[in-house]
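# Let me see the structure of the following:
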Amino acid sequence: MPDSASPLIIGLIAGEASGDLLGAGLIRELKKHFPNARFEGVGGPQMIEEGFNSLFPMERLSVMGLVEVLGRLPELFAMRRKLLDHFAATQPAVFIGIDAPDFNIGIELRLRANGIKTAHYVSPSVWAWRQNRIYKIAKAVDLMLTLLPFEAGFYQQHQVPVKFVGHPLAEMMPVSPDKSESRRKLELPLEGELVAVLPGSRGGEVKMLGPVFIQAMHWLSKRRPKITFVLPAANAYRKRQIQTQLNEAGVELPLTILDGHSREAMQAADSILMASGTATLEAMLAKRPMVVAYRMTPITYWIMKRLLKAKYISLPNLLADEALVPELIQHEANPEAIGKAVLRSLQADQRLALEKRFTELHLQIKQDADRVAADSIAKLINSSLPSTTALSKS
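Residues are numbered from 1 along each chain as shown. The predicted structure is shown next:
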């Protein structure tokens, strides 16, 4: 722990775009408690914009699947060793792992054993699969921050300190989004059916889903000639990957590819075709019907199918504890099945019913998450400091 003359160091590691978003909001709020703090570890462009020092490119942590990670293990182990050495030398006031549990919880375990306070932001899906992980988590963290209310109950049952903070996206997105305004901002047609297509933010996801989604768009355009599509590429790497897949498919599509702007694209759409993941929550907050699909390598799917205990994979269904949106997994995620599900989602009665239900869920998780999370972290930091040297301004 730094003395009163040393800068307060706060360590964070985020592994993908959703964690980068959470990390940026958390840093902004923690600056109000600790104006002179230094933030470092691994993060993306949004965290870096807040003054974060990223020691490695965040992209190197974005690995999909149980099998796919094997080829990257030497690099990941080397990165973890360097990060552990760095934090052992700098002694941060707290280390916060943001999602990426397979990477972060091991780091939290080591750092906490060496007297460094630790928190984990975004609960791993221990309630859904590999539930024995709760015992390792209990040893690894001083505080778990959950985005969804049902997650907090699981930790309370296992006597793990936990705080439900809500989801920052619920603050950022309007309760009643304006479709026409979003289309104008993106220079998309103001009339006609528009489907937003999001094949994922990670290379492995786009590799598995991109070609299937392209064929599903082709299937839809043949049956609905006036339908158009918008695809917000997560980053420059994904845009090149998607463009290559389009070239290989050799089909003509009424498709606009955007550099980012996924939120606006979802708000502009009549329906959304997307990979399972955090973006499904964003689609729910956009109040748009969606079709959720996911594909993995056969071995990864075989393993996951036997370990998964949850009834659903998409966040809207998990939050509601009912099948609000269709989930097409593995072989079910084929162009025709996807196309038919998208057509059903475009029906007016479905859109109206879902909009009402999604609004209820939006209000449930609208808790001012960035502030609540930062307040909880500040309390954790100050609990380890003598009362005369507590640094938080709150």
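# which helices and strands does the longest helix anywhere in the chain pack with?
Taking DSSP state H as the criterion, the chain has its longest helix at helix 203-223. Contact partners of helix 203-223 among helices and strands, from 3 or more Cβ pairs under 8 Å, 6 or more residues apart in numbering; DSSP states H and E: strand 194-198, helix 236-249, strand 271-275, strand 290-294, helix 335-345. The way it works is simple: take the backbone N, C-alpha and C, and place the C-beta from them, glycine included.
# That helix vs helix 335-345, what angle?
70 degrees (axes from the mean of the first three to the mean of the last three Cα atoms, to 10 degrees).
# Pull out the buried positions in helix 203-223.
203-217, 219-221 (16 or more other Cβ atoms under 10 Å).
# Also stretch 364-380?
So, applying 16+ other Cβ under 10 Å, buried residues of stretch 364-380: 365-367, 369-378, 380.
# Switch those over to TSV; also include distance to E252, pLDDT and secondary structure.
Written out in TSV, the entries for those read as follows (distance: Cβ to Cβ, whole Å; pLDDT from 0 to 100; DSSP: H, G, I helix; E, B strand; the rest coil):
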residue	distance to E252	pLDDT	secondary structure
I365	41	95	coil
K366	42	96	coil
Q367	46	95	coil
A369	43	94	helix
D370	44	94	helix
R371	48	96	helix
V372	49	97	helix
A373	46	97	helix
A374	49	98	helix
D375	53	98	helix
S376	52	98	helix
I377	51	98	helix
A378	55	97	helix
L380	55	97	helix
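# Let me see the domain layout of this structure.
As given by automatic domain parsing, the domain ranges for the chain are 9-166+367-383, 174-364.
# I'd like the next helix or strand past the longest helix of the chain.
Toward the C-terminus, helix 203-223 is succeeded by strand 228-233 as the next helix or strand (DSSP states H and E).
# mind exporting that following strand as PDB, just the C-alpha atoms?
Presented in PDB, the C-alpha positions along strand 228-233 are these (Å, rounded to 0.1, in the frame of the first residue of the first chain):
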ATOM      1  CA  THR A 228     -32.000  -3.700 -46.000                       C
ATOM      2  CA  PHE A 229     -29.300  -4.500 -43.500                       C
ATOM      3  CA  VAL A 230     -26.800  -2.600 -41.400                       C
ATOM      4  CA  LEU A 231     -23.700  -4.200 -39.900                       C
ATOM      5  CA  PRO A 232     -21.700  -2.200 -37.300                       C
ATOM      6  CA  ALA A 233     -18.200  -3.700 -37.300                       C
END
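# Direction included, what does that strand pair up with?
strand 194-198 (parallel), strand 255-259 (parallel) (DSSP bridges).
# Deepest in the core, which of these is it.
strand 194-198 (a mean of 27; mean count of other Cβ atoms under 10 Å).
# which residues are in contact with it?
Contacts with strand 194-198, where a contact means Cβ atoms under 8 Å, 6 or more residues apart in numbering, come from 183, 188, 213, 217, 220, 227-232, 255, 262, 265-266, 268-275, 279, 288, 342, 346.
# just to revisit the earlier point, just flag the most distant two among the buried residues of stretch 364-380.
The largest separation in the buried residues of stretch 364-380, counting by Cβ to Cβ, is between K366 and L380 at 23.8 Å.
# just to revisit the earlier point, hey, what's the angle from the longest helix of the chain to strand 271-275? Just curious.
Put simply, helix 203-223 runs at 150 degrees to strand 271-275, going by the same axes, to 10 degrees.
# residues making contact with helix 203-223?
Contacts of helix 203-223 (Cβ under 8 Å, 6+ apart): 62-65, 68, 195, 197, 199-200, 227, 229, 237-238, 241-242, 245-246, 248-249, 251, 253-255, 273, 275, 277, 293-297, 333-336, 338-339, 342-343.
# I'd like to know which of these are buried.
Neighbour counting by 16+ other Cβ under 10 Å classes 62-65, 68, 195, 197, 199-200, 227, 229, 238, 241-242, 245-246, 253-255, 273, 275, 277, 293-297, 333-335, 338-339, 342-343 among those as buried.
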